[in-house]
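**Student:** just the structure for this:
(one chain, ligands or ions: 1)
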Amino acid sequence: MEALLEFASVTKSFNGTTVLAGFSFSLAAGEVVAILGPSGCGKTTILNMAAGLIRQTSGTVTVRTEQLGYVFQEPRLIPWKTVTDNIRFVLGRMDQDTMNEKVTTVLQKVGLFHARDYYPKQLSGGMKQRVSIARALVTDPKMMLMDEPFSALDLALKRELQQDVIRLIEERRIGMVYVTHDPEEAARLADRVLLFSKSNNLAAATVIREYPLPGQRAGRSEEQIQQIKAVLHQHLTGG
Ligand SMILES: Nc1ncnc2c1ncn2[C@@H]1O[C@H](COP(=O)(O)OP(=O)(O)OP(=O)(O)O)[C@@H](O)[C@H]1O
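**Tutor:** Below is the predicted model:
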C-alpha cells in the first residue's frame, strides 16, 4: 500500500542554517511514528512541512491524503468562541444537522460534551487539549500530526488522553506522526521511533536514527515499556 506521507531526501534550512539534511521517512495508514528528540532539533519543522505550512529547501514531501489533522503544541482555541463553535469552525460549509451530529459525536469521544457551551477561559489545560484533539478529529482525518500535545498535563490526565487518542486512531486506522521529548511517551504510543539528536558539530543538521520498537503497541507489557524507555533515554542523553 502507498504511504500516506513520504519525505525523500528532504533538507530544510532557515536563513542559511541547515536544520535537517537528507531526511527520508514514510508513514503508512494505521501506523504511529514518534519523533523523539531534544528541543530545537527540528521536530516541529517536520510536522510543518508535512502539513504544507512551510516548504522544504530541497527534496520532496508527498502527502497522499487531504484529510489531515494537526494538533499544535498550544491548543490555539479562538477565545471568543465556545467549545462547540471552535469545533464547528473547522467544518466549513455543511448542513446544520450533519454538523451538529459530528460535533456531538466528537465531543462525546473526548469526554467534553458537558462543556460544549464553555469558552476557552473556562477550561483547564487538559480540557483545552481535548478540544484541540476533537477539532483535529472532527474532520475525519486519515493522518494526524501531533506536536507534544500532552506536555503541559499532569501524569494521570496524560495517560488517560494518550489512551483515548490511541483508541481513536486504531478505530479509524489513522496514520500518526507524534512529536515528543519524552521517551516514555514514545515507548507507550509508537510503532516506530525516529530519534533526533543534535550533532556534536553545532553547524551540522540533526542526526536521525530509526528505532523500531519490539512487538505490537497494544500487546506491550509495562516491563517492555520501561525497558524501551530506558534504551531511548540512553540514546537521547548520548549514552
Ligand atoms: N521560521 C523559522 N525561522 C528561523 N529559524 C527557525 C524557524 N523555525 C524553526 N527554526 C529553527 O530551526 C530549529 C528547529 O526548530 P523546531 O521548532 O523544528 O525544533 P523542535 O525540535 O520542534 O523544538 P521544540 O521541542 O523546542 O519544539 C531551531 O533551531 C529553530 O530555531
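
**Student:** my guess is residue 146 meets residue 179, correct?
**Tutor:** Yes - with contact defined as CB atoms under 8 Å, residue 146 reaches residue 179; the gap is 6.6 Å. Using the backbone N, CA and C atoms, a C-beta is placed for each residue, glycine as well.

**Student:** and residue 140, that's in a strand?
**Tutor:** No - per DSSP: H, G, I helix; E, B strand; the rest coil, residue 140 lies outside any strand segment and is coil.

**Student:** which residues sit in contact with it?
**Tutor:** 67, 172 (CB atoms under 8 Å, 6 or more residues apart in numbering).

**Student:** give me the distance between it and the ligand.
**Tutor:** 27 Å (CB to the nearest ligand atom, to the nearest Å).

**Student:** so for stretch 55-66, mean pLDDT?
**Tutor:** For stretch 55-66, the mean per-residue pLDDT is 94.

**Student:** what comes up buried for it?
**Tutor:** Using 16 or more other CB atoms under 10 Å as the test for burial, stretch 55-66 gives 56, 57, 59, 61, 63.

**Student:** out of those, which one sits closest to residue 7?
**Tutor:** For these, the closest approach to residue 7 (CB to CB) belongs to residue 61, at 5.5 Å.

**Student:** from the contact counts, what lies against the host helix or strand of the closest one?
**Tutor:** When elements are assigned from DSSP states H and E, residue 61 belongs to strand 58-63. Packing contacts for strand 58-63, counted by 3 or more CB pairs under 8 Å, 6 or more residues apart in numbering; DSSP states H and E, involve strand 5-14, helix 43-50.

**Student:** who touches it?
**Tutor:** 3-11, 22-23, 49-50, 52, 143.

**Student:** now swap in stretch 32-39 and tell me
**Tutor:** 25, 27, 43, 46, 166, 169, 175-183, 185-186, 189-198, 206, 217, 232, 236.

**Student:** pick out whichever of the buried residues of stretch 55-66 sits closest to the ligand.
**Tutor:** residue 57 (11.9 Å; CB to the nearest ligand atom).

**Student:** any idea how far the closest one is from residue 25?
**Tutor:** Noted for residue 57: a distance of 16 Å to residue 25, by CB to CB, to the nearest Å.

**Student:** restrict the buried residues of stretch 55-66 to those near the ligand?
**Tutor:** Among these, proximity to the ligand is found for none (CB under 6 Å from any ligand atom).

**Student:** ok, which pair from these is furthest apart?
**Tutor:** 57 and 63, at 17.7 Å, using CB to CB across the buried residues of stretch 55-66.

**Student:** quick check, distance from stretch 8-18 to the centre of its chain.
**Tutor:** Distance of stretch 8-18 from its chain centroid, counting by CA atoms, centre = their mean, to the nearest Å, is 22 Å.

**Student:** let me see the mean pLDDT of it.
**Tutor:** 91.

**Student:** ok, and what's touching it?
**Tutor:** Under CB under 8 Å, 6+ apart, the answer for stretch 8-18 is 19-24, 42, 45, 49, 54, 56-62, 204-205.

**Student:** mind running it again at 6 Å?
**Tutor:** Applying CB atoms under 6 Å, 6 or more residues apart in numbering, the contact partners of stretch 8-18 are 19-24, 45, 56-60, 205.

**Student:** pull the CA atoms of that stretch into PDB?
**Tutor:** Output of stretch 8-18 as PDB, limited to C-alpha atoms (Å, rounded to 0.1, in the frame of the first residue of the first chain):
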ATOM      1  CA  ALA A   8      12.500  11.900   0.300                       C
ATOM      2  CA  SER A   9      16.000  13.400   0.900                       C
ATOM      3  CA  VAL A  10      14.500  16.500   2.400                       C
ATOM      4  CA  THR A  11      16.700  19.300   3.500                       C
ATOM      5  CA  LYS A  12      15.400  22.400   5.400                       C
ATOM      6  CA  SER A  13      17.400  25.500   6.100                       C
ATOM      7  CA  PHE A  14      16.400  28.700   7.700                       C
ATOM      8  CA  ASN A  15      18.400  31.700   6.700                       C
ATOM      9  CA  GLY A  16      21.300  29.600   5.600                       C
ATOM     10  CA  THR A  17      21.300  27.400   8.700                       C
ATOM     11  CA  THR A  18      20.500  23.800   7.900                       C
END
